[in-house]
Each structure stands twice: as structure tokens, then as C-alpha cells.
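A.B. asks: The sequence isn't on hand, but the structure is:
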């Protein structure tokens, strides 16, 4: 196999995942040096879509990866705060992923983490100034947690684990997906805490949903209520995942944080 063919074949190998029936045509194209005529655009679109949806459901940063617990527990006392924090984090995630992915080949490995933090801090500063200018009440309510986005483990983690190793389009999709998943999780927790803690849900004074019983459970909006609400939601999601796996005939997946070694007496996997 000559060097030119090897180079073309290596570039061709990832494309073989399209399907068995399409491999002969692609293989022939690779041998003839006309692989560009058979670019599988559908594969690229599906890959980007997969990255976009992964952070929303399969690898939700809060409900699946259990990351970003500080803002999750602190700012979810209302739906409005949750959406504001989620939108800010999504903007920073998207912009930082795109920039870091674009510069991944020129950032020295020895100083990559400080470089990532500088990029993230720049976009956090932009978000902070915009919120103070256009939504001062929300900026005051979120307080220190907007600047603390700089050291949010979700954003820094995606920069290190994904954006620094993948292309711009995939990194942008990953940032949007993780941001939407983070926002959705915050909104669910914030809605539950505000509804039961205040007896109503108010969104920027225009939309209000009142508890039909008119009774408020103050514990829900206290710090302890944040832990309880998050724990109940995580327990519900783990239960649903176990039920789904049982119906599919597979053993129930155990949370990684249990560090399970499948002891003989343990019945959790049954």
C-alpha cells in the first residue's frame, strides 16, 4: 500500500460507520482519490445533533454528571433566577467552546488551563456587564454567582475534555447542548422550590402560577430545601432509569459515585 493510499484510507476510515452497504463505494472512492465526491454530509449533521442532545438528556450536567452544584443549590430559589443563571452559563459555554476549539492548536499544553480561564473570564465579564445594563434586578439577585461562572466546573470541564480536542462546529453544539441541559435542570429545580416555597411561580412579573392550596412550605426555598429537592429529583431519575433498563432486559445501571464492586450480598443491581 503506497503512502498516498494510506493517507487517503486513514482519512476514509471514520466514514465507514455510515453503513455496510455504502462501504464498497466509499472504499473505491478512497482508492481512486475522489473521496471528496462522497462526503457524507448526513453523518456530519447527525454527529452535531448527537453532541447537541447528549448534554440535554444522556449527560445532563446536573442530573447525570452532578456538576455545578454551587449555583444549582444557591440560585434556584425561583424560576427567574434559574433561567437567568442558565442563560448566562449557556452564553459563556458556547463562546468559550468556540474560541478554545479555534485556538486548540496554538495554546501550549503546559499553560492550557490558565488560558482557558482567561477566555472564560472574558465572556463572563461581558455577560456580567450586559446583565447589569439590561436586567439590573436579576444581576443583583444572582450576585456573586455570575462572576463565579469563571470557575464553574461544567464550563472548564467542557473546555478541557471536549473543546480542546474537537472542531469548532462540534464544540459549539456541545456548548449549546450542555447549556440547555444546565438551564433545563435549573428551571426544574427552581420551579419546584418556588412553587412549594412561595406558593406561586412568577416570571418577570408577567406570568404567575399560584398554588391551588395557597399554602407555602418555606423549607423549599431554604438551603436545606435545595438539597432535598435535588435529592428527590435525582432519586426519581435513577428510578426511572432502572425501570427503563429492567424493561429492556438489562441490569439496572448503578450510579458511578457508589463505587460499586458488585459485592455478593448487594441487591442494587437486580
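C.D. replies: Cool, got the structure. Worth saying up front: this structure is predicted, and the values here are computed from it rather than measured.
A.B. asks: Could you pull out the strands in this structure for me?
C.D. replies: All strands of the chain, identified by DSSP state E, fall at 200-203, 207-210.
A.B. asks: what's the offset of the first one from the middle of its chain?
C.D. replies: Computed by CA atoms, centre = their mean, to the nearest Å, the separation of strand 200-203 from the middle of its chain amounts to 26 Å.
A.B. asks: now the stretch 151-270 of the chain, which segments are flagged as low pLDDT?
C.D. replies: The stretch 151-270 of the chain contains residues with pLDDT under 70 at 205-216, 251-270.
A.B. asks: switch to 80 and redo it
C.D. replies: For the stretch 151-270 of the chain, the stretches with pLDDT under 80 are 199-216, 249-270.
A.B. asks: quick one, helices of it?
C.D. replies: 153-158, 168-198, 223-247 (DSSP state H, counting those that start in this stretch).
A.B. asks: The last one vs helix 168-198, what angle?
C.D. replies: Same thing as helix 223-247. 120 degrees (axes from the mean of the first three to the mean of the last three CA atoms, to 10 degrees).
A.B. asks: Not counting its own residues, what contacts helix 223-247?
C.D. replies: 62-64, 66, 69, 72-74, 76-77, 188-189, 192-193, 197, 217, 219-220, 251-253, 255 (CB atoms under 8 Å, 6 or more residues apart in numbering). Every C-beta, even on glycine, is put in place using the N, C-alpha and C of the backbone.
A.B. asks: Recalculate using a threshold of 6 Å.
C.D. replies: 63, 73, 189, 192, 193, 219, 252 (CB atoms under 6 Å, 6 or more residues apart in numbering).
A.B. asks: now the first one
C.D. replies: Contacts to helix 153-158, defined as CB under 6 Å, 6+ apart, come from residues 61, 67, 68, 92, 93, 120, 178.
A.B. asks: just to revisit the earlier point, columns mean neighbour count and distance to residue 108 on top of the helices of the stretch 151-270 of the chain, output as CSV?
C.D. replies: Shown next, in CSV, are the helices of the stretch 151-270 of the chain (neighbours: other CB atoms under 10 Å; distance: least, CB to CB, whole Å):
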stretch, mean neighbour count, distance to residue 108
helix 153-158, 21, 17
helix 168-198, 23, 19
helix 223-247, 14, 39
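A.B. asks: Can you tell me the closest non-neighbouring residue to the most centrally placed residue in the chain?
C.D. replies: With distances taken as CA atoms, centre = their mean, the residue of the chain nearest its centroid is residue 178 (2.0 Å). Of all residues not flanking residue 178 in the chain, residue 55 sits nearest, at 3.6 Å (CB to CB, 6 or more residues apart in numbering).
A.B. asks: so who does the one you found touch?
C.D. replies: 177, 178, 181.
A.B. asks: Could I get those residues in JSON lines, plus columns for distance to residue 203?
C.D. replies: Output for the contacts of residue 55, formatted as JSON lines (distance: CB to CB, whole Å):
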{"residue": "177", "distance to residue 203": "24"}
{"residue": "178", "distance to residue 203": "23"}
{"residue": "181", "distance to residue 203": "20"}
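A.B. asks: so which of those comes closest to residue 131?
C.D. replies: residue 178 (20.3 Å; CB to CB).
A.B. asks: my read: residue 97 touches residue 161, true?
C.D. replies: No: using CB atoms under 6 Å as the test, residue 97 is too far from residue 161 to be in contact (10.9 Å).
A.B. asks: Tell me which of these two has more neighbours.
C.D. replies: More crowded of residue 97 and residue 161, by other CB atoms under 10 Å: residue 97, with 29 against 11.
A.B. asks: circling back: quick one: which of the contacts of residue 55 is nearest residue 114?
C.D. replies: residue 178 (22.1 Å).
A.B. asks: Quick check on residue 63: phi, psi?
C.D. replies: phi -80, psi -20 (degrees, to the nearest 10).
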